[in-house]
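J.: The sequence isn't on hand, but the structure is:
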Ligand SMILES: [Cu+2]
């Protein structure tokens, strides 16, 4: 039931995006596992994408409180600060500090078998800037991270 609703919303987004002609929604998928890994080391988004629809799947079985994963995008230089503030923010806040302007986009935290999606405009990104995506669940960001390339 819940999954069906998410799919419907995703379809609507795709349709409304197309209605503006020049809009190009680029879809990206990444998977997190019970062994604290992302299945990608790098995500590249072309310069003509006007927005990114990022889907995070948790392929494991462990609950979110034990092995939760989210997907957080920031400038590489900001990752350490965003991650340490995220630890303090707590699980209920998806381990993201309230109003953290360094966070370009993020999903909620999911546990095994769950999927979540975030869509964000590439107008927030600059070609040539160094971006990194990571999981802000405590203890995960040193391993669960990768390069995000735009342009
Ligand atoms: Cu994680």
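T.: Cool, the structure landed. Small disclaimer: the values here were computed from a predicted structure and weren't measured.
J.: Point out the residues in the protein that sit beside the ion.
T.: Proximity of the chain to the ion is confined to 69, 135, 137, 140, 144 under the rule CB under 5 Å from the ion. All C-beta atoms are positioned from the backbone trio N, CA, C, and that covers glycine.
J.: Please repeat the previous calculation with a cut-off of 8 Å.
T.: Taking CB under 8 Å from the ion as the contact definition, the chain meets the ion at 32, 36, 67-70, 109, 135-137, 140-141, 144.
J.: So which of the residues you listed is the closest to residue 79?
T.: residue 141 (6.9 Å; CB to CB).
J.: List the contacts of that closest one.
T.: 79, 83, 134-135 (CB atoms under 8 Å, 6 or more residues apart in numbering).
J.: the helices in this structure, which residues?
T.: Using DSSP state H, the helices of the chain run over 2-18, 64-67, 79-89.
J.: Check which helices and strands the last one is in contact with.
T.: Pointing back at helix 79-89 there. Helix 79-89 makes packing contacts with strand 72-75, strand 131-134 when contacts are defined by 3 or more CB pairs under 8 Å, 6 or more residues apart in numbering; DSSP states H and E.
J.: Same list, those strands, but as a markdown table with mean neighbour count, mean pLDDT and distance to residue 28 please.
T.: Listed next are the helices and strands packed on helix 79-89 as a markdown table, based on neighbours: other CB atoms under 10 Å; pLDDT from 0 to 100; distance: least, CB to CB, whole Å:
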| stretch | mean neighbour count | mean pLDDT | distance to residue 28 |
| --- | --- | --- | --- |
| strand 72-75 | 23 | 98 | 11 |
| strand 131-134 | 24 | 98 | 10 |
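J.: Quick check: residue 98 touching residue 88?
T.: No: using CB atoms under 8 Å, residue 98 makes no contact with residue 88, being 10.8 Å away.
J.: out of the two, which sits in the busier spot?
T.: Applying other CB atoms under 10 Å to residue 98 and residue 88 shows that residue 88 carries more neighbours, namely 10 against 7.
J.: ok, the residues of the chain next to the ion vs residue 23, which is closest?
T.: For the residues of the chain next to the ion, the nearest to residue 23 is residue 70 (25.9 Å; CB to CB).
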